[in-house]
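[1] 3D, please:
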Amino acid sequence: MDDVLTIGEMCETYEVTARTLRFYEQKELIWPIRRGARRLYDRKARARLQLILRGKRFGFSLEDIRQLLNMYERDGSNQAQLERTYELAVDRLAQMEAQRAELDLAIAELKQEIAEGAAMIAAFKAAAE
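    Okay, here's the model as predicted:
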């Protein structure tokens, strides 16, 4: 049992809260080893957590992440998992790029509004002098 982490060590190592780990356990995304009330996380649980956190960073839903993790085959025949991950990643990238385009437009518009506001403020100050 040398290769396990406690819930506190997991929180510190992966910068998550204990509540997050318990939530992922409830959602059947990770399965810690139970020793009484203690939760211990082996290499498999840590690997799954890393994949969960990466998927969340990319904006995948927890259900998508759960399904992808459950597609893993120990014998290495993970073509279906890889293909589904690829499909989700392509879709998510398209969504993120569209969001970025919308955000770029909003930033440009806001900069224009700020510049116009600054000019109006300067005009008011000049007229008051």
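[2] please enumerate the strands of this protein.
    5-6, 33-35, 38-41 (DSSP state E).
[3] how about low-confidence regions in this protein?
    Where the chain drops to pLDDT under 70, the residues are 1-2.
[4] tell me, which helix in it spans the most residues?
    helix 79-128 (DSSP state H).
[5] and that helix, what does it pack onto?
    In terms of contacts (3 or more C-beta pairs under 8 Å, 6 or more residues apart in numbering; DSSP states H and E), helix 79-128 is packed against helix 62-70. In short, each C-beta sits where N, CA and C put it, glycine included.
[6] using PDB, write out every CA atom in the helix it packs on.
    Extracted in PDB, the C-alpha atoms of helix 62-70 (Å, rounded to 0.1, in the frame of the first residue of the first chain):
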ATOM      1  CA  LEU A  62     -18.600  15.000 -16.700                       C
ATOM      2  CA  GLU A  63     -20.900  12.600 -18.500                       C
ATOM      3  CA  ASP A  64     -18.700  12.700 -21.500                       C
ATOM      4  CA  ILE A  65     -15.600  12.200 -19.300                       C
ATOM      5  CA  ARG A  66     -17.300   9.300 -17.500                       C
ATOM      6  CA  GLN A  67     -18.200   7.600 -20.700                       C
ATOM      7  CA  LEU A  68     -14.700   8.000 -22.200                       C
ATOM      8  CA  LEU A  69     -13.100   6.600 -19.000                       C
ATOM      9  CA  ASN A  70     -15.400   3.700 -19.000                       C
END
